[in-house]
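1. got a predicted model here, sequence first, then my questions.
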Amino acid sequence: MNETQRIQQLQRMQRIATGLLVAMALTFAITSYFHDVAPWVGFVRAFAEAAMVGAIADWFAVTALFRHPLGLPIPHTAIVPRRKDSIAESFGGFIERNFLDPDKIVARLRNQDMAGRLARWLRNPQRSAQVADLAAEGLVGLLRVANDDEVGALLQRTLDDRMRAIPATTLVARLLGVVVVEQRQRDVLLQLARVATDWIEENQALIRKRIAGELPAWMPRIVEKKIYERLLDGVRKLLAELSENPNHPLYAQFTQTLEGWIANLQYDPDVRARGEELKQEVLNHPILREMAGNLWQDLKGGILQQSSAANSPLRLSIARGLAHLGDVLESDPDWRERVDGWAEDLTRYIVGRYGRVAGDFVTQTVKGWEASDVSRKIELQFGRDLQFIRINGTVVGGFVGLLIHIVSHFFY
């Protein structure tokens, strides 16, 4: 119901209540003039007289809530405008105590089977797609308002802090330890041999030039070629042997070498110190900051591209994930219990932390209104019902007056 409708209803009830008062006044006047016509006229006159008094008294009481009756500054009238701040605090406290109590809200949620409802809601493909669209649009909006320089700097600082907190040699030792523990030495050594073979083949000119530089000037050029071919053949032969013989002695030697490296990386102070120096040099290099900025730009561009399209893989993945979540919640009681528990904990946290804020918001909002606005809003909200007090006062007052008149007439 809008404000105009409330005004119309209030005015209609005011006219009815005032009309009853006027009717009782006219009845009293007429019966007073013709009081000798018949005995029953006195009873009607008594009813009208008491009804008129009751109507005026209740009109005064109702009017005094919102303004001074007849504009007279009578004490303890215009209660709502005069006590606006007190009413505001009462409203805020009432809402906080009765509507924002964590235990009451959690008890209400517990009876609603929130996880079950969420499961049934998410299993609907149309709804999961709608949520995915909202999530994608929200992500796009967030990315577009984000300051690229600030985010890039934050990403760079985060990476920098994480990398500085990790000892470089410890990290390398762990990686090598994974190779040893998982028996991946053979794969690593084979890959190194392949890389070496490819490098020798691709850099023939450079290698032959280096060989020529080491040979005496009088040595024929054919020697240089033969040395290169011997080198390449030797590496190829080694690669073939490693591929064909899983028990090649070089594997054991390589494992021992790795274990030695791991020990030095973990326990040799000189190696550890040198590792930290190298790490600091890398972290302080400008190219790392540039890479962090480029990483954010690439990430942002990819997400924007994926989120903007109506049927993008990102949106479809989110929708599928939500639908799968619905299936899991529907079929797994343990997960439903977990989700209900999370919802209760989250509700307790939010209401407990911000319930007073909401109550204060209501209080400050009402305090910020003009006194006349507060009076008008409350009168429009409850004024129609208050007019029934005037009507009831008129009727009840009339019957009480009639009863008194009957008693006095027959007993005195």
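-> Thanks, I have it.
2. which residues of the stretch 1-150 of the chain fall in helices?
-> Under the criterion DSSP state H, counting those that start in this stretch, the stretch 1-150 of the chain contains helices at 3-33, 40-66, 79-82, 84-99, 102-110, 114-122, 125-145, 148-165.
3. of all those, which one is nearest Lys237?
-> Shortest distance between Lys237 and those, using CB to CB, is found for helix 148-165: 41.4 Å. (Each C-beta comes from the backbone N, C-alpha and C, glycine too.)
4. count residues in the vicinity of Val41, would you?
-> Residues near Val41, counting by other CB atoms under 10 Å, number 16.
5. measure it to Ala115 for me?
-> Per CB to CB, to the nearest Å, Val41 is found 74 Å from Ala115.
6. again, but for Glu259
-> Per CB to CB, Glu259 is found 52 Å from Ala115.
7. so between those two, which is more surrounded?
-> Using other CB under 10 Å, the more surrounded residue of Glu259 and Ala115 is Ala115, with 21 against 14.
8. mind checking pLDDT for that one?
-> pLDDT recorded at Ala115 is 83.
9. what's the answer for Gln280, then?
-> What the model reports as pLDDT for Gln280 is 74.
10. contacting residues for it?
-> Shown in contact with Gln280 (CB atoms under 8 Å, 6 or more residues apart in numbering): Arg164.
11. host element of it?
-> Under the criterion of DSSP states H and E, Gln280 resides in helix 269-283.
12. CA atoms only: put that helix into PDB for me.
-> This file holds the C-alpha atoms of helix 269-283, laid out as PDB (Å, rounded to 0.1, in the frame of the first residue of the first chain):
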ATOM      1  CA  PRO A 269      76.300 -22.900   4.600                       C
ATOM      2  CA  ASP A 270      78.300 -21.600   1.600                       C
ATOM      3  CA  VAL A 271      75.900 -23.200  -0.900                       C
ATOM      4  CA  ARG A 272      72.900 -21.900   1.000                       C
ATOM      5  CA  ALA A 273      74.300 -18.400   1.200                       C
ATOM      6  CA  ARG A 274      75.100 -18.400  -2.500                       C
ATOM      7  CA  GLY A 275      71.600 -19.600  -3.300                       C
ATOM      8  CA  GLU A 276      70.100 -16.800  -1.300                       C
ATOM      9  CA  GLU A 277      72.300 -14.300  -3.100                       C
ATOM     10  CA  LEU A 278      71.100 -15.600  -6.500                       C
ATOM     11  CA  LYS A 279      67.500 -15.500  -5.300                       C
ATOM     12  CA  GLN A 280      67.800 -11.900  -4.200                       C
ATOM     13  CA  GLU A 281      69.400 -11.000  -7.500                       C
ATOM     14  CA  VAL A 282      66.500 -12.500  -9.400                       C
ATOM     15  CA  LEU A 283      63.900 -10.900  -7.200                       C
END
